[in-house]
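Asker: Below: sequence and its predicted model.
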Amino acid sequence: MEDAGRAVADAVSARAGGGRILLLAGGGANGGDAFVAARHLMVRGMEAAVLARPSTHPLTVLNRRRWRAVGGAVAALGPATLRRELRGAAVVVDGLLGTGFTPPLRPALAELTGMVNAWRHAAGQVVSIDVPSGVHATDAHVPDGAMQADATVTFMGIKPALLFGPAAALAGEVTVAPLSVMPAWIEQEALAAWPTDARVAALLPRRHADAHKGTAGRVWIVGGHPGTTGAPALAGVGALRAGAGLVTVHSTADVPLITAELMVRRHAAWTPALTRLRDAPRPDAVAVGMGLGPEAVAVTRELLSWEIPAVVDADALQPDLAGAGHDRVIWTPHPGEAARLLGCATTEITADPLGIARALHDRLGGVVVLKGGPSVVAHAGGLSVARGGHPGMASAGMGDTLSGVLVALLGQGMTAPDAAVAGVRLHARAGERAGAAHGYGLIASDVAQELGGAWMDVIRSGPAGPWYGR
Ligand SMILES: NC(=O)C1=CN([C@@H]2O[C@H](COP(=O)(O)OP(=O)(O)OC[C@H]3O[C@@H](n4cnc5c(N)ncnc54)[C@H](O)[C@@H]3O)[C@@H](O)[C@H]2O)[C@@H](O)CC1
Ligand SMILES: Nc1ncnc2c1ncn2[C@@H]1O[C@H](COP(=O)(O)OP(=O)(O)O)[C@@H](O)[C@H]1O
């Protein structure tokens, strides 16, 4: 609780300027965190007051006593005291309800959160402890009356509700504060990893000075059909921008050569083409499905039988292919495709992205990237959620670009889980960079252009090495 309260005080100090801080302490452990935060703020010379609900939680009772012992002010939390104390406050710390909360929000509490939300709209900022009050830790749905925060300081591991859907929008800027407990315990308790850029940087391939296009990954993009010929082209550019040495697009349609570095092989028909290609030198990795059309299942089944690292996307994401994969396959459904694979409604996918990613992995094996804002990676070692991205990425061809990134990383020798974790972060980071320039006018080609810069951003967070950063 001491670590938690100090982390909250850090977040609040950064936002309060010299203004007064009002801390709302509920009856649970969150309330105790608020009392600890108040004490740390006072020690830093900041003006802090606490309004508290009754508590029997031993650590909350103890920290209330400590706060009183250093001369801290505390009054009973109710509508009248809250109205009075909100006047002149710069920041409210929301320690009312934490992970112990189960909906619905009781009317007495909803009245208090409603008052704070109205005050925030007009006057100040809210920092929530662990989760915004009224948000259930594992549920993306938001009950009426939940607190709107500018920032949320959560502990040890990120809670699913802080990542997905409307609940995530209530959390504002999320910081994960470590607590002094055993790492093994955290690993057991965490539902999903949320890797930092430093962690992603450690996964990315390192190239020696004598690298050449033949050693940097020879990859194939298999896709395209009349009407969707842009999809494989975008995947090809994504692959080039994610470092692939040689990228060949195979298609039975006329794929536009949107960048001259791509090689495009037009085939008359898939069956004879695959018979020929089967005996040709194989690529280091293949991505299949982008705009591929009605023959996707047959083409993908053949390519999967080659047992080379593969990305399976878009039209190739069909239930018939469950069981046809292997360990080095990355399956990349968006929620619509995930619903098709599992035979359920898209709303069931978006309601529980972590559970669905796990279910898809059980069904398909290999590695699953359940795309969204943010994407979830499921593999034999667990679940990992990507950081960042930009809402401007809600536009055509973004997933095709991601497939290019993933196949490029596979082609450069990364394992499927590492390529998926690193690839979704590079793609999201490129989206953030492009989003800063283009906002909602962002298109997939913009994201592809930013992939090199995103790679540099990520490796700058990691350990220095002799073949980059010079
Ligand atoms: N320039 C091109 O040639 C393009 C071709 N494309 C290709 O077009 C074909 C059809 O793919 P589509 O994905 O458009 O069509 P689908 O009909 O498979 O899926 C689109 C639907 O999935 C659902 N969905 C997707 N993302 C969602 C999310 N994050 N949350 C909730 N629901 C979500 C929505 O209901 C959406 O309308 C594929 O072969 C694809 O590769 C697209 O990638 C777009 C660009
Ligand atoms: N709001 C968002 N925030 C972050 N990433 C997003 C957002 N919207 C879309 N994306 C990303 O864009 C990509 C969209 O993929 P997909 O729907 O398959 O596109 P397409 O089929 O048009 O290529 C995914 O990687 C997804 O994670």
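Answerer: Everything's here; your move. Ligands and ions are numbered 1, 2, ... in the order given.

Asker: Residue in this protein with the shortest distance to ligand 1?
Answerer: Gly336 (2.1 Å; Cβ to the nearest ligand atom). Just so you know, the C-beta spots here come from the backbone N, C-alpha and C atoms, and that holds for glycine as well.

Asker: and the particular helix or strand that has Ala167 in it, is it in reach of ligand 2?
Answerer: For Ala167, the host element (DSSP states H and E) is helix 165-171. No - against ligand 2, helix 165-171 shows no contacts by Cβ under 6 Å from any ligand atom, the least distance being 10.4 Å.

Asker: Assess the claim that the residue of the chain closest to ligand 1 and Thr346 are in contact.
Answerer: Yes - here Gly336 reaches Thr346: they are 5.5 Å apart, a contact under Cβ atoms under 8 Å.

Asker: ok, which stretches of the stretch 101-250 of the chain are strands?
Answerer: 125-129, 151-155, 173-177, 218-222, 246-251 (DSSP state E, counting those that start in this stretch).

Asker: Note down every partner strand of the first one and its orientation.
Answerer: If you go by DSSP bridges, strand 125-129 pairs up with strand 89-95 (parallel), strand 151-155 (parallel).

Asker: want to try CSV for those strands, with distance to Thr215 and mean neighbour count as columns?
Answerer: As requested, the strands paired with strand 125-129 are arranged in CSV below (distance: least, Cβ to Cβ, whole Å; neighbours: other Cβ atoms under 10 Å):
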stretch, distance to Thr215, mean neighbour count
strand 89-95, 53, 27
strand 151-155, 43, 24
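
Asker: closest to Pro205 out of the ones you listed?
Answerer: Closest approach to Pro205 among these is made by strand 151-155 (32.2 Å; Cβ to Cβ).

Asker: Name the next helix or strand following the host helix or strand of the residue of the chain closest to ligand 1 along the chain.
Answerer: Per DSSP H and E: Gly336 is located in helix 335-342. Downstream of helix 335-342, the next assigned helix or strand under DSSP H and E is helix 346-351.

Asker: which residue sits closest to Ala89, ignoring its sequence neighbours?
Answerer: Nearest non-adjacent residue to Ala89, counting by Cβ to Cβ, 6 or more residues apart in numbering: Leu22, 4.2 Å away.

Asker: Next, the one you found: secondary structure please.
Answerer: strand (DSSP: H, G, I helix; E, B strand; the rest coil).

Asker: list the contacts for it?
Answerer: Ala48, Ala49, Val50, Leu51, Glu85, Leu86, Ala89, Val91, Val92, Val93 (Cβ atoms under 8 Å, 6 or more residues apart in numbering).

Asker: if we go to 10 Å?
Answerer: Counting by Cβ atoms under 10 Å, 6 or more residues apart in numbering, Leu22 touches 38, 47-51, 82, 85-94, 116, 119, 124, 126.

Asker: Of these, grab the buried ones for ChimeraX.
Answerer: Buried members of the contacts of Leu22, defined by 16 or more other Cβ atoms under 10 Å, are picked up in ChimeraX with:
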select :38,47,48,49,50,51,82,85,86,89,90,91,92,93,94,116,119,124,126
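
Asker: Quickly check: stretch 428-448 near ligand 1 or not.
Answerer: No - if you take Cβ under 6 Å from any ligand atom as the test, stretch 428-448 misses ligand 1, and the best it gets is 7.6 Å.

Asker: whoops, stretch 138-158 was the one
Answerer: No - for stretch 138-158, no contact with ligand 1 is found by Cβ under 6 Å from any ligand atom; the gap never falls below 11.8 Å.
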